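1. Quick check, what structure comes out for this input:
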Amino acid sequence: MGGDAPPLAEEGLPPEALDRARAVAAELAVLDRRYHGEDAPEVSDDVYDALRRELEELHRRHPVLARLAPLPNAVGAPPRRAFRTARHRLPMRSLDDVFDPAAFRAFDQRVRQRLGRADPVPYIAEPKLDGLALSLTYEEGTLARALTRGDGTTGEDVTANVRRLPTVPGRLHAPAPRLVEVRGEVYITRWDFERLNASMRERGEKTFANPRNAAAGSLRQLDPSVTASRPLSFCAYALGALEGGDDPATEETLLALLGRWGLPVVPEATRLGDVGEALAYHEDLGRRREGLPYEIDGAVFKVDDREAQRRLGETSHAPRWAVAYKFPAHEQTSRVRAIDVQVGRSGALTPVARLDPVELAGAIVRKATLHNFDEVARKDVRVGDTVVVRRAGDVIPEIVAVLPSLRPPEARAVVPPERCPVCGAPVRPRGETRGLYCTGGWHCPAQLRETLRHFVSRSALDVDGLGPRLLDQLVRSGRVRTPADLYRLGAGDLAELERVGPVLAEKLHAALDRSRRTTLERLLYALGIPEVGTVTARLLARRFRGLDALTAAGVEDLAAIPGIGPVVAAAVRDFWADPGNRAVLEELLARGIVAEPPPEEATAEGKGPLAGRRFVFTGRLATFGREEAAARVRDLGGTVGERVGRETDCVVAGADPGTKLDEARRLGIAVLDEEGFRSLLRSHEQRVGND
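-> Here you go, the predicted model:
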C-alpha cells in the first residue's frame, strides 16, 4: 500500500479518542452478537443507538478512526388534525403502568387482597399495541360510529374514515346484540410501514417517523380517501357499552366472541394461570418484541374473570383489574464527569452525577440523581464511567446501569463523606432510611438556605420579593441564622444588601410585616416539620386549632387523626421535643407572628368524580402551586396525602421529585406527570361543569 501509516500524533488523534473509539466499537460488536446471534439483548435499542452515534461522531471528528476502530453494521423517531367530537357512552379509561416485576407483583397482590383470595388469579395477557385507541359502536350489527379515545370522555368522530378500513367490518356477523361498543387499536404493521414510507419517498412526500405516528396521522385525515389509501389495520380487545346481548363471563370468551363477530383480535393473546406465568410471558414477549409484525411498548394484563373485574371496579381514570407492564423507558448513554453532593432542607445528602449533556425524552440532561450512597455502591458508579441514563416515569433523570466494559483506567470510586461538604458537621443515618444526613441543622448554611426558601414560599408565609438571591446574602452575612431572625430586620438592614435600594427595602420590610399575620396551617407548613406538607399541616390545624394544644399532643393523639400515621406522628412529636425548634417558635411569636385557626367549614372531599381516590404530590409543578393543585383535587372529591402507601391511588410528579416517586414505582402506583394531571383535571372539571 506504499509505506507505513502516519504516526497518530501527526494525524491529530488524541490517545484518549483512540482508546474510547476502540472500547465503544468492541462493546457494539458484543451487543451485535448478543442481539442478532444469541437473541439475548443486553441493552435497549436506545442505548445501542446512542453508543453507535458516539462512535460515528468520533469518526467525524477524527476520520482516521474509521480505519482504526470501524463501525459495525447499522440498526434503527411526529403529525395531528382537528375533527368533530362526540362523548363516549362509557369513559374510555387508560391503564395504570408498571415498569418492573416488583411493581407487577404488587398489582397482583392488590387484586387478590381486594378479591379476598389467597389462590392465584388467572390473567389474559396480550401485547400492548403501539397505535391509536379506537371505539366502534355497532347498532343492530351495523357500524354506526367510530371515535378516538380523545380525553377519555370525548373523542374525535372518525366514522367516515373508519368505514374505509378493510379490517373493520361494516356489519358484524350474526348473531349480534342490539348495541355494542367494541374497543381496540388502529396500527400499521412494520412491513406496511416500510412500504408506505417507500411510496411516499418516491412521490417526494415527507415520510413518517414511526408506525404509531403513521397510524395516527393516517386515521386523522380530513379526506377519507387518504385514509383509505393507507395500510391501516385494526385489532379488537375490549367491550364498552353492551345492550341486548349476553356479557361474556371471561376475557378469554370475550376474545372468542369478538372473533366470531368478524373482528380481528391479537393472536398473541394468552391465558395465564398466575403472576409467575405473567412475568414469564412479559419476559418472553420482550425477547420477541422486534420480531413481531407490529410495534408494541409493553404487555397488558387483565383479570380473566369479568365478574371479578366488576367487583374490583375502577378509579376515575383506570380499571383496578388491568395494568400495562411497560417495556423499559427510553434510555441514553452518557459519561459521569463528577459526582456532587447536595444537602437538602432536611439535611439529606444526595449524590448527583454531573454528565456529558445528552438528549433524553425531548430534554437535554446534564445531571442525574443517584438517590443515596448505598445506590452508588450497589450500581458501582464511578467518575469517568459510561452510564445508562433514563428518565424515571419520564420525569427525573436517573442512572440505571453502568457499562463496565467502557470504564477508563482512571475511573474513580466514590467514597461517602463522613462530614457535611457544606458545614463540616458529622453525617449519619437517620431512622430506617438508607441515606446520610448532615447533623448541623440550621447551623448548616445549605439547610438554613433551603429552610428559609421554604419558610417564605407562597404556600408558607408568602413573603413577596424575598427570593433565593437575597436569602443567600442574608445567610452569608450572618444576619439570619433562623427563620425568626427575618423579623429582626429593618428596612435599613435590607437596604444594605446588594442591588437593594431604599424603595425595594421598604417593600421587602412591608412584605415581612404583612406575613406576621398568617394561618395556623401555613405556619406549621412553613416551619418545615419533617413529614408535614400542606395537607398534613391542614389536618393538624383543624384538629388542634392552636399551637398550645398541638405542641402538647402525644404520639397517640397525633396518630389518631385520619390521614396521619405513626411515622408522621413521631416526626411531629420529635420536632416539638427539640429545644431549638421550640425556641424558634417562641421567638416567632414574640416577634408578632399571629397564627389564626382555620374556620369551621365543610369540605367537598368524598363527593365528586375523584371520590375515593387519594393523590400524593412530589416535585415542583410549573403551572400552579402545590396548594392549588391539592385544592382542585379536593374540589373534585379526592383526598390528598403526604406519604406514598398502599392506600395511594396516584402520585403526581413534577420537576425534581423526591423519594415518593421511587416508592410509587416500587408499589406499582400510577404516576402522572404534570401534563397528565392537568388533562385529568380538565376532563373531570368539564364533566362537573356539564352535569
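2. Below-threshold pLDDT in the stretch 51-200 of the chain: ranges please.
-> Regions of the stretch 51-200 of the chain meeting the criterion pLDDT under 70 cover residues 72-83.
3. where do the strands sit along it?
-> 85-87, 97-98, 123-129, 132-139, 142-148, 154-156, 179-187 (DSSP state E, counting those that start in this stretch).
4. Could you list every helix and strand that the helix or strand encompassing Ala510 packs against?
-> Taking DSSP states H and E as the definition, Ala510 sits inside helix 502-514. Identification of packing neighbours for helix 502-514 by 3 or more C-beta pairs under 8 Å, 6 or more residues apart in numbering; DSSP states H and E yields helix 491-495. (C-beta placed from N, C-alpha, C; glycine too.)
5. and the helix it packs on, what does it pack onto?
-> So helix 491-495, by 3+ C-beta pairs under 8 Å, 6+ apart, packs with helix 502-514.
6. Can you list the buried residues in the helix it packs on?
-> Buried residues in helix 502-514, counted by 16 or more other C-beta atoms under 10 Å: 504-505, 507-509, 511-512.
7. Turn the residues you listed into a markdown table, columns for pLDDT and distance to Glu531.
-> Output for the buried residues of helix 502-514, formatted as a markdown table (pLDDT from 0 to 100; distance: C-beta to C-beta, whole Å):
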| residue | pLDDT | distance to Glu531 |
| --- | --- | --- |
| Leu504 | 92 | 36 |
| Ala505 | 90 | 36 |
| Lys507 | 92 | 35 |
| Leu508 | 93 | 31 |
| His509 | 92 | 33 |
| Ala511 | 93 | 29 |
| Leu512 | 94 | 28 |
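8. May I see those arranged in CSV, with distance to Gly245 as well?
-> What follows is the buried residues of helix 502-514, written out as CSV (distance: C-beta to C-beta, whole Å):
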residue, distance to Gly245
Leu504, 72
Ala505, 76
Lys507, 70
Leu508, 70
His509, 74
Ala511, 66
Leu512, 69
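9. Going by distance to Leu219, which of the residues you listed wins?
-> For those, the residue nearest Leu219 by C-beta to C-beta is Ala511; the value is 54.4 Å.
10. Count the neighbours of the nearest residue to Arg632 once chain neighbours are set aside for me.
-> What sits nearest to Arg632 in space, not counting adjacent residues and going by C-beta to C-beta, 6 or more residues apart in numbering, is Leu681, at 5.6 Å. Leu681 has 17 neighbours, counted by other C-beta atoms under 10 Å.
11. contacting residues for Leu681?
-> Applying C-beta atoms under 8 Å, 6 or more residues apart in numbering, we find Leu681 in contact with 632-633, 636.
12. all strands for the stretch 201-350 of the chain, in order.
-> Here the stretch 201-350 of the chain has its strands, by DSSP E, counting those that start in this stretch, at 233-243, 270-272, 296-303, 322-326, 331-343, 348-360.
13. how about those strands in TSV, adding distance to Ile399 and mean neighbour count?
-> Formatted as TSV, the strands of the stretch 201-350 of the chain follow (distance: least, C-beta to C-beta, whole Å; neighbours: other C-beta atoms under 10 Å):
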stretch	distance to Ile399	mean neighbour count
strand 233-243	36	19
strand 270-272	33	17
strand 296-303	23	23
strand 322-326	19	22
strand 331-343	8	19
strand 348-360	6	18
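14. gap between the residue nearest to Glu54 when sequence neighbours are not counted and Asp385?
-> The spatially closest residue to Glu54, leaving aside those adjacent along the chain, is Val24, at 5.9 Å (C-beta to C-beta, 6+ apart). Val24 is 14 Å from Asp385, where distance means C-beta to C-beta, to the nearest Å.
15. and for those two, which residues touch both?
-> Leu406.
16. Provide a list of residues in contact with the spatially closest residue to Leu134 that is not a sequence neighbour.
-> Nearest non-adjacent residue to Leu134, counting by C-beta to C-beta, 6+ apart: Val186, 5.2 Å away. Residues counted as contacts of Val186 (C-beta under 8 Å, 6+ apart) are 131-132, 134, 165, 215, 219, 232-234.
17. By neighbours, which of those wins?
-> Ala215 (30 neighbours).
18. From Gly240, how far off is that residue?
-> Plainly put, Ala215 is 21 Å away from Gly240 if you go by C-beta to C-beta.
19. same question, Leu461
-> For Leu461, the distance to Gly240 equals 50 Å [C-beta to C-beta].
20. repeat for Val323
-> 19 Å.
21. Just give me the neighbour total for Gly204.
-> For Gly204, using other C-beta under 10 Å, the count is 6.
22. pLDDT value on it, please?
-> Listed pLDDT for Gly204 reads 81.
23. which regions of the stretch 501-650 of the chain sit below the pLDDT cut-off?
-> 563, 600-607.
24. all strands for it, in order.
-> Taking DSSP E, counting those that start in this stretch as the criterion, the stretch 501-650 of the chain contains strands spanning 517-519, 594-596, 614-618, 639-641, 650-653.
25. Partner strands of the second one, with direction?
-> By that I understand strand 594-596. strand 517-519 (parallel) (DSSP bridges).
26. Pull out the buried residues from the strand it pairs with.
-> Result for strand 517-519 [16+ other C-beta under 10 Å]: buried residues 518-519.
27. And the contacts of it?
-> Contacts for strand 517-519 (C-beta under 8 Å, 6+ apart): 461-462, 526, 541, 593-598.
28. Ser135: neighbour count?
-> Neighbours of Ser135 under the rule other C-beta under 10 Å: 25.
29. next one: the one 4 residues further on
-> Glu139 is flanked by 14 other residues according to other C-beta under 10 Å.
30. Name all residues that make contact with the closest residue to it other than its chain neighbours.
-> Spatial nearest neighbour of Glu139, excluding adjacent residues (C-beta to C-beta, 6+ apart): Leu179 at 5.3 Å. Shown in contact with Leu179 (C-beta under 8 Å, 6+ apart): 137-140, 241-244.
31. Using CSV, please lay out these together with distance to Leu589.
-> Shown next, in CSV, are the contacts of Leu179 (distance: C-beta to C-beta, whole Å):
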residue, distance to Leu589
Thr137, 65
Tyr138, 70
Glu139, 70
Glu140, 75
Ala241, 61
Leu242, 64
Glu243, 66
Gly244, 70
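32. possible to save the strands of the stretch 201-350 of the chain as TSV with mean pLDDT and distance to Pro70?
-> Output for those, formatted as TSV (pLDDT from 0 to 100; distance: least, C-beta to C-beta, whole Å):
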stretch	mean pLDDT	distance to Pro70
strand 233-243	90	40
strand 270-272	92	43
strand 296-303	90	33
strand 322-326	89	35
strand 331-343	90	20
strand 348-360	88	23
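33. Go through the buried residues of helix 502-514 and say which is closest to Ala146.
-> Checking the buried residues of helix 502-514 one by one against Ala146 (C-beta to C-beta), the nearest turns out to be Ala511, at 56.9 Å.
34. Quick check, that closest one in contact with Gly465.
-> Yes: judged on C-beta atoms under 8 Å, Ala511 makes contact with Gly465 at a distance of 5.6 Å.
35. Arg453: which element?
-> helix 445-455.
36. With just CA atoms, put that helix into PDB.
-> What follows is helix 445-455, C-alpha atoms only, in PDB (Å, rounded to 0.1, in the frame of the first residue of the first chain):
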ATOM      1  CA  PRO A 445     -25.800  27.100  55.500                       C
ATOM      2  CA  ALA A 446     -27.200  24.700  53.000                       C
ATOM      3  CA  GLN A 447     -30.000  23.500  55.300                       C
ATOM      4  CA  LEU A 448     -30.600  27.100  56.500                       C
ATOM      5  CA  ARG A 449     -30.900  28.500  53.000                       C
ATOM      6  CA  GLU A 450     -33.400  25.800  51.900                       C
ATOM      7  CA  THR A 451     -35.300  26.200  55.200                       C
ATOM      8  CA  LEU A 452     -35.600  30.000  54.600                       C
ATOM      9  CA  ARG A 453     -36.700  29.500  51.000                       C
ATOM     10  CA  HIS A 454     -39.400  27.100  52.200                       C
ATOM     11  CA  PHE A 455     -40.400  29.500  55.000                       C
END
